Every structure is written in C-alpha cells, then in structure tokens.
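Colleague: Mind folding the following:
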Amino acid sequence: MTSCSDTRTALAAGREDAGILEHLEACRDCQRALDGGTALEPPATPAPPPALRERLDEALARERGPVAWLRERPLVLRALPCLLVLSAWLVQAGTQSVHRELDAYPRGRLVALVLSLLACGVLGLSLSLRSLARRAPPIARAHAFIGAALLVPILLALLPEVHTGPWTGRGLGAELLPLALHCLGVGVGIALSLLVLLRLADRAAHAARARALLAAASAAAFGNLVLFVRCPLDAPLHLLLGHATVGIVLAVGYRLARR
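Modeller: The predicted structure follows:
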C-alpha cells in the first residue's frame, strides 16, 4: 500500500496513478493536507526517540579532547603515533644487550623479510584507518588481506635457519618452550601497544569487526618486525611457536574481547 510519504512525493512530482488516488480516498490526513494546500510538501521527519537522542548527545560529548582531535586529522597524522612508537621499539630492540647482528644476516633475505613485514603492517594500518567518508573495501578483500598478513610470518618462519653467530641451533630441546613463550609474550605486548594507538586513532574505535582485525593484523606484522630485530634465534620451530603465532593470538584475542 502506498504510504503518506510516497503519496506526497508523487503529487509533488505531478504523478497521479491508481495507487496514489486509492491512498487519497482512504487517508483523511492526506485529504486534509491536500485541501489545505500542504500535500505537495513532504511530511516532516519524525523526531528520534528520546533514548536514541540521548545516546547521540553522549557520543557527541565524547568527541572532545586530544583523541577526538587526532581522529579528525588526515590518515598520515592519525598513523603517526603508531609509527613513532614502532620506531622506538625498533631502536630499543637494536640497542639492547642481546639482539640480532643484522650485518651478518644474508642481505637479500634481510631486505625481503623486512619489506614483507613492513608492507603487511603499513597496508593493514592504512585500511584500518581508512576514512569513514570513503567506500569501505569489499569484505572479502579485507579478509583476504588479514589472512595473508597472518600467513606471511608463518612462511618466513619456515625458511632454513641462518647459520651465523653463537646463537645458531639455539632455541630447541629444553629451551624451546621457555624461549618461544618469552618471544610470544614480548611480541604480543609490543603489538598490543600499537593496537591501542590504532584504536584511539580510529573514528569508530574499531566498532566494525573488519577494521578491528585489519588493525590487529597490522600491529602483529609490526610486532614480528621488532621481534626479528630483537631475537637472534633462527630455528624454524622457535620462529613458528614464538614469532609467527603473535598475529594469531592477537587476532583471536581481540576478536573475543570485542564480543
């Protein structure tokens, strides 16, 4: 059945079909509006329910202060705190007493590893902080990237061990679980610090599941990069248990925490 809004819109456009006339015959409100000369004006938008209006006012009131200011900035500025903290983590990892000797690492493999983790982190960061005014990427594409970002550290962990330095062959046997759990805890902690910054910079505060998982995948990729600089072990089993699982733990944990 034709509604009052449809009827008045049709009359304003000069259309008078059978459905419009039928509605006019049955609706006294539209008859009175037509007799009064106001039928050509669309009906006023109904006021929102008081509860909805109250929630809207509360949401607007929260959009004040430095976090709200940050969320209104362009993507580059919103991403800057996360990138600065990542840089600080990398500097700290490269200057601590036990860290990887990057000069002894095969150059081609080093470049490929760093670029792949950086690409996953930066792309996930840009997608998770994408402006709400722009059309969101297809959900299948977002899920494909999340899966790829979680898979890259696993593939990197399966590469043969680099036999350089006194740490060659370490991290196995009795050392496997203690050292793997240590790296996993450190990696998750680093990634969480970056994830918090990504959430603060997101206008929707990760209300959308896809944006939350994109941010988690990005933070995990950056966390794996810091772990690579920080940890001198290259045993594949250690990397699988202590490094590559950072993204899985972070994505699953954040997904469950948001329920």
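
Colleague: which residue ranges form the helices in the stretch 151-259 of the chain?
Modeller: Remark: helices assigned in the stretch 151-259 of the chain by DSSP state H, counting those that start in this stretch are 176-201, 209-230, 236-242, 245-257.

Colleague: I'd like the average pLDDT over the last one.
Modeller: The reference is to helix 245-257. Summarised as a single mean, pLDDT over helix 245-257 is 89.

Colleague: The first one now?
Modeller: Helix 176-201 shows a mean pLDDT of 93 in the predicted model.

Colleague: sorry, back to before: need the winner for burial among the helices of the stretch 151-259 of the chain.
Modeller: Among the helices of the stretch 151-259 of the chain, the stretch with the highest mean neighbour count (mean count of other CB atoms under 10 Å) is helix 209-230, at a mean of 26. To be clear about C-beta, it is placed using only N, CA and C from the backbone, and glycine gets the same treatment.

Colleague: which strands and helices sit next to that helix?
Modeller: In terms of contacts (3 or more CB pairs under 8 Å, 6 or more residues apart in numbering; DSSP states H and E), helix 209-230 is packed against helix 75-95, helix 107-128, helix 139-157, helix 176-201, helix 245-257.

Colleague: now for those, which one comes closest to residue 237?
Modeller: With CB to CB, the closest approach to residue 237 among those belongs to helix 176-201: 6.5 Å.

Colleague: how about the helices and strands packed on helix 209-230, which one is nearest residue 231?
Modeller: Nearest to residue 231 among the helices and strands packed on helix 209-230 is helix 176-201 (5.5 Å), distances taken as CB to CB.

Colleague: Out of the helices and strands packed on helix 209-230, which is closest to residue 228?
Modeller: helix 107-128 (6.6 Å).

Colleague: the inter-axis angle of that closest one versus helix 245-257?
Modeller: Using axes from the mean of the first three to the mean of the last three CA atoms, to 10 degrees, the inter-axis angle of helix 107-128 relative to helix 245-257 is 10 degrees.

Colleague: Need the residues that contact helix 107-128.
Modeller: 75, 79, 82, 86, 102, 137, 142, 145-146, 148-149, 152-153, 156, 159, 162, 198, 202, 206, 211-212, 214-215, 217-219, 221-222, 224-225, 228 (CB atoms under 8 Å, 6 or more residues apart in numbering).
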